[in-house]
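**Student:** sharing a sequence plus its predicted fold:
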Amino acid sequence: MTAFSDHSSTSPAGFVGFYRRIMQLPERIPFSLVQLAVRVAVAHVFWQSAQSKLASWPVTLQLFANEYNLPFIDPSIAAPLATAAELTGSVLIFLGLFSRLAALMLLGVVSVIQIFVYPENWAEHLLWVSLLLLVLTRGAGVLSLDYVAARALTASGK
């Protein structure tokens, strides 16, 4: 006769079981809320950037002409293009409308900033890219106009 007892269970008791249950709690957060938070955060970054450009257009033109030094494009063209991309992209991402296209557009903006303007700010750009890649690869989620449009199109195609 042995003194060992067999307590095979799927969830350990005691501290280990408690720890595992606590660590699994975040899995209950709906992914759609994560997607919404990502969209709001990244939209805010680009909205604020566009607003600062619009607040002082002459300064914006000077920055594009003297500091940013983008190759292949005239500063008088680059400034409105960048501002329009940031405004349009931030609104579309926020609403979750054409969000993957907007994410792709803003990834282009970040790439230009990283390569030609502020390469030393790679950590901040990596954060923006991470958020935009989540939207690009997983979409805007159920709390978006993309989802509403997809449902409407599916329903009309019965």
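**Tutor:** Perfect, thanks for sending it. Residues are numbered from 1 along each chain as shown.

**Student:** which residues touch residue 118?
**Tutor:** residue 125 (Cβ atoms under 8 Å, 6 or more residues apart in numbering). The C-beta positions use only the backbone N, C-alpha and C, and glycine is treated the same way.

**Student:** show the pLDDT at it.
**Tutor:** On the pLDDT scale, residue 118 is placed at 96.

**Student:** can you pull the phi/psi pair for it?
**Tutor:** phi -130, psi 70 (degrees, to the nearest 10).

**Student:** ok, and the closest non-adjacent residue to the residue most central in space within the chain?
**Tutor:** Centrality entry for the chain: nearest residue to the mean C-alpha point is residue 131, 2.9 Å, by Cα atoms, centre = their mean. Leaving aside its chain neighbours, residue 131 sits nearest to residue 42 (4.2 Å; criterion: Cβ to Cβ, 6 or more residues apart in numbering).

**Student:** in three-state terms, how would the one you found be classified?
**Tutor:** helix (DSSP: H, G, I helix; E, B strand; the rest coil).

**Student:** what about it, how many neighbours?
**Tutor:** Using other Cβ atoms under 10 Å, residue 42 is surrounded by 26 other residues.

**Student:** low-confidence stretches in this structure?
**Tutor:** Regions of the chain meeting the criterion pLDDT under 70 cover residues 1-11, 158.

**Student:** the residue nearest to the centre of the chain contacts residue 40, correct?
**Tutor:** No: at 10.0 Å, residue 131 does not count as touching residue 40 under the criterion of Cβ atoms under 8 Å.

**Student:** wait, what's in contact with residue 41?
**Tutor:** Residues counted as contacts of residue 41 (Cβ under 8 Å, 6+ apart) are residue 131.
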